[in-house]
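>>> Return a 3D structure for these sequence lines:
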Amino acid sequence: MIVIKCVKCKRKVFKYLKIGKGRLWHCWKERIIEDYSVKDGNEVKCQCGNVIGVNKGKYIKIKQHSFTYSGSISKK
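Numbering: from 1, shown residues only. So this is what the prediction gives:
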């Protein structure tokens, strides 16, 4: 599980179950364990107002360079 944080204010945005290697391009909604984000229409934002991604239905397309993450990645 990884913790996705806002790059501007360092607040938690998601706790997410990342599976496999590679970059984080989008977050599947079914794998989000805890959600601290703010929804504004289709935009997914941090509490500080920084846009983290865009809601695309089954997943959230993550805006690169708007977040950092830490934790371990599952190799499932």
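>>> Not counting its own residues, what contacts the helix or strand of the chain at the bottom of the mean pLDDT ranking?
Ranked by mean pLDDT, DSSP states H and E, the weakest helix or strand in the chain is strand 67-71, scoring a mean of 90. Residues outside strand 67-71 that contact it (CB atoms under 8 Å, 6 or more residues apart in numbering): 1-7, 10, 13, 16, 18, 24, 52. C-beta here means a position set from N, CA and C on the backbone, and glycine is covered the same way.
>>> Touching, residue 44 and residue 53? I think so.
Yes. Using CB atoms under 8 Å, residue 44 is in contact with residue 53, at 4.6 Å.
>>> Overlap of the contact sets of the two?
residue 60.
>>> nearest to residue 75, of the contacts of strand 67-71?
Set against residue 75, the nearest of the contacts of strand 67-71 by CB to CB is residue 18 (10.2 Å).
>>> so the closest one sits right up against residue 2, yeah?
Yes. Between residue 18 and residue 2 a contact is recorded at 4.9 Å, counting by CB under 8 Å.
>>> what are the pairing partners of the least confident helix or strand of the chain, and which direction each?
Strand 67-71 pairs in its sheet with strand 2-6 (antiparallel), by DSSP bridges.
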